[in-house]
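Participant: Could you work out the structure for the sequence below:
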Amino acid sequence: MAKKENIVVGLDIGTTKICAVVGEVVEGNRIDIIGIGTSPSRGLRKGVVTNIESTVESIKKAVEEAELMAGVEINSVYAGIAGGHIKSFNSRGVIAIKTKEVTHADIKRVIDAAKAVAIPLDREVLHVIPQEFIIDDQDGIKEPLGMSGVRLEAEVHIVTGAVTSVQNIVKSVNRAGLHVIDIILQPLASSEAVLTPDEKELGVAVVDIGGGTTDIATFAHGSLLHTAVLGIGGNHLTNDVAVGLRTPASEAEKIKTKYGCALTVMVKEDETIEVPSVGGRPPRVVSRQVLSEIIEPRAEEIFGLVQRELKKTGYEEMVASGVVITGGAALMEGMMEIGEKMMDMPVRRGMPSNIGGLVDVVSNPMYSTAVGLILYAVRHEGVKKARITEKASFNKVLNRMRDWVKEFF
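Facilitator: Next up is the predicted model:
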């Protein structure tokens, strides 16, 4: 059985599904996926918690399923966060190098100086990500430690979220008997799972099309330049299908997943599908092209908004290697083609990579965020993962005892 301190769990709290992925850290910081659990999401809208009780139940189901598959008890998780409340910006800090040689303390001081910006009281900082360091006007430095100089500058990317939205995510996970080690921005996590170092160097945009939101992360020269969350996603496609074909939302989701195509010209004229009706009426036979004609305008809108976001920030010219789409909606036929048509750049589908273990189970764009949370935690957070196991275990026992007492009294 895997040791407790080698286990890292990513919890993707999405609008349509909650997914827990259990990873085991083996030699050389390689990750083996040993368990996965999913549950339909019942208490979220556009990535934000709207019903804590429903969210807690969904989290419990997903975690129990993952525990069963992995054969371990899950005490603590890295949780993902998205939603329209996420805002990010770039900042710069400057300090004098005391000993004329850059030390760890200098790097910490310059990052502190860069993040010393006025942030509204209702927002909190989620990430401060260094983009590059500048020593005495020499820019493009990734690792300044030990270098000589007089003046050290840092360019950083700061991601902030609404305090209440962050607290509601943490509260939901805590009520499910789990400890949140850290909250990680979902597009950051997805990019860890689906991008190659070459793409990050050359310039790339990750577009994670989830149920309620579309998340964007732009990279160039190996650094994160920009993040954004758009309040549109796969659920909008489902709603369009439900209204357009006059069918229940649950059936619309199945039809979209099985027969959906985002580009009408890819569908043969003679293809038909059976559509269940509402209110006990008999099912109807509809041309698959009609379904595609409903989906295509919404898919165009999603990629149009992504392109507008890239243009607005001025990074459109920097994504030389194109766009990587991931998330559940990326599986739909025609999504890559319509992305290329709308944005006039190469588009590929991103699957989780750089992992071992149950690779065949998680090699699906819908698991990119959950797998990415584990990869991000191991690569950027290191030892933090092992520290809280005992405390979390105690909290879990305490919560279970509370639930037991409530049941009887």
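Participant: Is it correct that P352 is in contact with V371?
Facilitator: Yes - P352 is within contact range of V371, at 4.0 Å (criterion: CB atoms under 8 Å). C-beta coordinates here come from the backbone N, C-alpha and C atoms, glycine included.
Participant: any common contacting residues for those two?
Facilitator: Common neighbours of P352 and V371 (criterion: CB atoms under 8 Å, 6 or more residues apart in numbering): A193, V362.
Participant: of these two, who's got more company?
Facilitator: Neighbours were counted for P352 and for V371 using other CB atoms under 10 Å; V371 has more, 31 against 27.
Participant: any idea how far that one lies from A193?
Facilitator: Per CB to CB, to the nearest Å, V371 is found 5 Å from A193.
Participant: now do V49
Facilitator: 24 Å.
Participant: Which one's more surrounded, the two?
Facilitator: Neighbours were counted for V49 and for A193 using other CB under 10 Å; A193 has more, 28 against 21.
Participant: Excluding chain neighbours, what is closest to that one?
Facilitator: Closest residue to A193 apart from its sequence neighbours, by CB to CB, 6 or more residues apart in numbering: G372 at 3.6 Å.
Participant: count of residues packed around that neighbour?
Facilitator: Applying other CB under 10 Å, we find 31 residues neighbouring G372.
Participant: what's near enough to touch E309?
Facilitator: I216, A228, L230.
Participant: As JSON lines, those residues with pLDDT, neighbour count and distance to V117 would be great.
Facilitator: Formatted as JSON lines, the contacts of E309 follow (pLDDT from 0 to 100; neighbours: other CB atoms under 10 Å; distance: CB to CB, whole Å):
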{"residue": "I216", "pLDDT": "94", "neighbour count": "23", "distance to V117": "22"}
{"residue": "A228", "pLDDT": "89", "neighbour count": "22", "distance to V117": "19"}
{"residue": "L230", "pLDDT": "91", "neighbour count": "19", "distance to V117": "24"}
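Participant: for those, which one is nearest I111?
Facilitator: A228 (22.5 Å; CB to CB).
Participant: next helix or strand past the host helix or strand of that closest one?
Facilitator: Using DSSP states H and E, A228 sits in strand 223-230. Sequence-wise, the next helix or strand downstream of strand 223-230 (DSSP H and E) is helix 234-244.
Participant: quick one: average confidence on that next one?
Facilitator: For helix 234-244, mean pLDDT rounds to 94.
Participant: same thing with stretch 7-25?
Facilitator: If you average the pLDDT values across stretch 7-25, you get 93.
Participant: how much distance is there from it to the middle of the chain?
Facilitator: 11 Å (CA atoms, centre = their mean, to the nearest Å).
Participant: can you give me the helices in this structure?
Facilitator: Under the criterion DSSP state H, helices of the chain are mapped to 52-70, 104-114, 163-175, 186-194, 197-202, 234-244, 249-259, 288-313, 335-343, 359-362, 368-380, 389-408.
Participant: for the fifth one, which positions count as buried?
Facilitator: So that's helix 197-202. For helix 197-202, a neighbour-count test (16 or more other CB atoms under 10 Å) marks E199, K200, L202 as buried.
Participant: Is M342 in contact with L305, as I believe?
Facilitator: No - M342 is beyond contact range of L305, at 10.0 Å (criterion: CB under 8 Å).
Participant: and V22, how many neighbours does it have?
Facilitator: For V22, using other CB under 10 Å, the count is 28.
Participant: wouldn't it be in contact with E64 here?
Facilitator: No - in this structure, V22 is not within contact of E64 by CB under 8 Å, at 11.9 Å.
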